[in-house]
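Okay, structure incoming, though there's no sequence with it:
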C-alpha cells in the first residue's frame, strides 16, 4: 500500500476515500489528496518538506504552528502523511498540537502509521503522542498498523502503551482486524505479544472463525496451539468448522476437527463418563468477560459475511448428515448393526455423496466468482490510480480477459453489421422490383 499526496485539479474531490470491504469500518485514505486552494502557505510548505519556508513563516508570524486548512488539518498532519521528518521535528520543537484531529477525527500519528512513515511515527511517540485516540469509526493507530500489516510500527505503538484490546465500531480488536485482512505476520506478532485470542466481534465471530475462511493454515494452527475454544458459535449458531466448510477450506476444517477430537480424548481420560462411556465436550471452557462470551442468543439470527459463496441446499445437507450421524452414535461399536441402523447408515452414505457433489458444484462456481472478482479488483485499482493521477486515462487498462471480451464484442458487432447490410440489399432489390412492376402497370 502506497502513501499518496498529490495536487489535484478542480475536477477531483479534495479527499480520496475507500472503505475496507465495508465490514470493519476502517477508512483507508492513504495520505491526503488536496487542492491548492484548500491549503495555507504553511501547509503547502510542510507537505513539500520545505523546512526553510516553514521556519520563515513561523519566525515572521505570517502563519501559526497550529493553523488549520479547509479540511481542518494542521501542517503536522500533512508533514506526517507525506513523510517529512525534518518538518515534523521543527513543528514539534515549536510546541504544535501533537494530538490535533482533522475532519475524520484522525491524528498526525494515525496518518503517519497509515502511510507507513515509521520515522515520523517514532518522532511523534517520543514526544508524547497518544496512540489510543480513536477516529470516527473507533479505530486507533494500532488498528491502522494492523490493517497495513506493519509490524515495525505496531511494535513502536505497543512500547508506548497502545491498547492492544481496543475495539472499533464493529467490535474488531487489532488482532481480529489483522486476521480479517489475512495478515499472517501481524496476527502472529500480536498473539506473541499477548493479544486476547478469545475476543469476538459484534456478531460473535472469534479469531478462529475469521481465520478458518482463508486458504492459509498458519493462523489457524497458531490459534489451535494457543488453546482457543473451537466449539464457540457465532450469533447465527455456526462454529469455526462450518465457516471453513462453507468457504471450501477443507484443510482448515480438518485441522479444527482433528483438534476437537484430540480435545475430546483428553477430556475422556481426565473425566470419564461412567454412565455410558460417552464423552460430552464441555462448551465454553474458558471464562471471558461478558463481551467476549461465546454463548449465543438463539432468538437472534444475523448472517456473518463469509463471501459470496453460500448455499442453502449445502447447509441443509450438512444438517441432515449431522442428524443421521447422531442417530448412529447411540449404538455400541462392538454390537452388530440392526436393520434400522443399517438403513440409517445407507441414508448417511447417500447424503454424504450428495454433499460431495454439491461441494464440487459450489467449488466450480466459487472459482468462476473468484476470477470475476480478480478482474473487477484489477479494474478498480487501475481506476483509482487514474483518479490519483498516477497515469492518464488513455493508458493501458486492459487485462487479457478484457481484451478477449473486447474482441468478442467487436466480432459480434461485425456480424450484426454484415447481417444488416444483407437485409438492406434485399430490401433495395425488392424495392427495385416493386418500382419496375409499378411502372409497367402505369404504362
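Arrived safely, thanks for sending. Here the structure is a predicted model, which is why all the values come from computation and not from measurement. Numbering: from 1, shown residues only.

Now name the helix or strand holding the residue lying closest to residue 248 once chain neighbours are set aside.
Leaving aside its sequence neighbours, residue 248 sits nearest to residue 363 (CB to CB, 6 or more residues apart in numbering; 5.4 Å). Backbone N, C-alpha and C define where each C-beta goes, glycine included. Using DSSP states H and E, residue 363 sits in helix 339-387.

circling back to that earlier point, so what pLDDT did the residue nearest to residue 248 get?
If you check residue 363, the pLDDT there is 74.

in this protein, which spans are strands?
6-7, 33-34 (DSSP state E).

Lowest average confidence across these, which one?
Among those, strand 6-7 scores lowest, with a mean of 30.

what helices or strands is the helix holding residue 363 leaning on?
helix 312-329, helix 400-442 (3 or more CB pairs under 8 Å, 6 or more residues apart in numbering; DSSP states H and E).

what's the least confident stretch among those?
Minimum mean pLDDT among the helices and strands packed on helix 339-387: helix 312-329, a mean of 58.

where in the stretch 151-300 of the chain is pLDDT low?
271-300 (pLDDT under 70).

how about the nearest residue to residue 259, chain neighbours excluded?
Going by CB to CB, 6+ apart, residue 259 has residue 224 as its nearest residue, at 4.8 Å.

List the buried residues of stretch 130-143.
130, 131, 133, 134, 135, 137, 138, 139, 140, 141, 142, 143 (16 or more other CB atoms under 10 Å).

outside of it, which residues touch it?
Contacts with stretch 130-143, where a contact means CB atoms under 8 Å, 6 or more residues apart in numbering, come from 25-27, 99, 101, 104-107, 109-110, 113, 121, 125, 154, 157-158, 160-164, 166-169, 172, 174, 177.

got it, and stretch 186-200?
So stretch 186-200 is contacted by 145-146, 149-151, 154-155, 158, 164-165, 171, 173-176, 178-179, 206-207, 211, 218-219, 222-223, 226, 228-229, 232, 286, 288, 291-294 (CB under 8 Å, 6+ apart).

That stretch: end-to-end distance?
Start-to-end span of stretch 186-200 (CA to CA, to the nearest Å) is 18 Å.

Pull up the distance across stretch 204-221, start to finish.
Stretch 204-221: ends 21 Å apart by CA to CA.

buried set for that stretch?
204-214, 217, 219-220.

cool, and stretch 260-271?
Neighbour count says stretch 260-271 has 260, 263, 267 buried, by 16+ other CB under 10 Å.

Go through these and name the one nearest residue 242.
Closest approach to residue 242 among the buried residues of stretch 260-271 (CB to CB): residue 260, at 12.4 Å.

can you tell me how far that closest one sits from residue 362?
Relative to residue 362, residue 260 is positioned 24 Å away (criterion: CB to CB, to the nearest Å).

go on, residue 150?
36 Å.

now swap in residue 104 and tell me
40 Å.

Same question for residue 199.
Distance of residue 199 to residue 362, given as CB to CB: 31 Å.

If you count surrounding residues, which of those two has more?
residue 199 (21 against 18; other CB atoms under 10 Å).

ok, the more buried one to residue 417 distance?
Relative to residue 417, and taking CB to CB, residue 199 is found at 62 Å.

about what we covered before: now render the buried residues of stretch 260-271 as JSON lines, adding distance to residue 430.
As requested, the buried residues of stretch 260-271 are arranged in JSON lines below (distance: CB to CB, whole Å):
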{"residue": "260", "distance to residue 430": "78"}
{"residue": "263", "distance to residue 430": "84"}
{"residue": "267", "distance to residue 430": "88"}
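
Inside helices: which ones of those?
Among these, DSSP state H puts 260, 263, 267 in helices.

For residue 346, see how far away the closest residue to the first one other than its chain neighbours is.
The shortest distance from residue 260 to any residue that is not its chain neighbour, by CB to CB, 6+ apart, is 5.4 Å, and that residue is residue 230. When distances are taken as CB to CB, residue 230 and residue 346 turn out to be 31 Å apart.

And these two? Which one has more around it.
residue 230 (22 against 11).

show me the contacts for the more buried one.
So residue 230 contacts 208, 224, 239, 240, 241, 256, 259, 260, 263 (CB under 8 Å, 6+ apart).

got it, and residue 121?
Counted by CB under 8 Å, 6+ apart, residue 121 has contacts 80, 109, 112, 113, 141, 153, 156, 157.

Is the fourth one in contact with residue 147, as I believe?
No: the pair formed by residue 113 and residue 147 falls short of the contact definition of CB atoms under 8 Å, at 9.4 Å.

between these two, who's got more neighbours?
Each of residue 113 and residue 147 has its neighbours counted (other CB under 10 Å); residue 113 has more, 31 against 24.

Look at the more buried one and report its pLDDT.
94.
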